[in-house]
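Asks: Quick check, what structure comes out for this input:
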Amino acid sequence: MSSGRDAFQKGFLALLASDSNPEARSLFAYLRRMLNQHGLHEYEAKDILSEVWLRTISKFESGQVTHIEICGAWTRRVAFNYINELSRDEAKRKKPVRELNRRHTGLNQEGLLTDFLIESGVVSQDNGSGIEDEADENLRTISFAFERLSKDDRQILYLQFVDGLSFKQISERLSSEGRRTSSEAALRQRSSRARKKLRRIFHQLRWPEPIS
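Replies: Next comes the predicted model:
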């Protein structure tokens, strides 16, 4: 057994050995949060960790990896990638249902995605290829983030980015629906706050910060 593999095994087992280990509690909380965010409710944290173990040992055996500097950070990264793979597989399985729902609701989140990613500064106006290169992941992430907003915030952003309405038109639309009328200035502020919230949630989901 190589020293690198041996060190990983000891570090991995030590990481999970005790419920009183703060790093272990943080790791399990992180995995449960990621699974919930991606709607993978049939999986448990231990399922993800089992796959992390198998993938890492396989990399050692194939020579792709000879040494792991920080076991906890490595575990989170491999787990993050695996959860994303599971989420993509689940999205493909549910795609026909999602497309049917989209036809009924008229929801075009690709339009919201492009406008949001450029306007929020995730990618620049001159570098739109970044959107296309990671379109599936960005769309899935912004969909999760969008659902976390309040109903009113979602409606304002939908009317603004998907329907392409001005704030004056949004005010008129809400008024016609019997909703409390807001001024254009108030709607503009509400949209700004909603986009900031959406941007924050998007970044938290898309690029979670590792625990040092």
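Asks: Nearest spatial neighbour of Val65, chain-adjacent residues omitted?
Replies: Once flanking residues are discounted, Val65 sits nearest to Lys59: 4.1 Å by C-beta to C-beta, 6 or more residues apart in numbering. Placement of C-beta: from N, CA and C, glycine included.
Asks: Tell me how this structure divides into domains.
Replies: As assigned by automatic domain parsing, the chain contains the domains 3-93, 107-206.
Asks: Same list (those) but as CSV, adding mean pLDDT and mean neighbour count.
Replies: Below are these laid out as CSV (pLDDT from 0 to 100; neighbours: other C-beta atoms under 10 Å):
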stretch, mean pLDDT, mean neighbour count
domain 3-93, 86, 15
domain 107-206, 73, 15
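Asks: about what we covered before: summarise which helices and strands the helix or strand hosting the residue nearest to Val65 is packed against.
Replies: Using DSSP states H and E, Lys59 sits in helix 45-62. Helices and strands touching helix 45-62, by 3 or more C-beta pairs under 8 Å, 6 or more residues apart in numbering; DSSP states H and E, are helix 3-16, helix 22-37, helix 71-105.
Asks: Let's have those in TSV, adding distance to Ser171.
Replies: Converted to TSV, the helices and strands packed on helix 45-62 look like this (distance: least, C-beta to C-beta, whole Å):
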stretch	distance to Ser171
helix 3-16	54
helix 22-37	34
helix 71-105	23
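Asks: nearest to Arg140, of those helices?
Replies: Among these, helix 71-105 comes nearest to Arg140, with 6.1 Å by C-beta to C-beta.
Asks: Name the next helix or strand downstream of the helix or strand containing Phe144, please.
Replies: Per DSSP H and E: Phe144 is located in helix 135-147. Remark: after helix 135-147, the chain's next helix or strand is helix 151-157, criterion DSSP H and E.
Asks: Show me what that following helix is packed against.
Replies: Here helix 151-157 touches helix 135-147, helix 184-206, going by 3+ C-beta pairs under 8 Å, 6+ apart.
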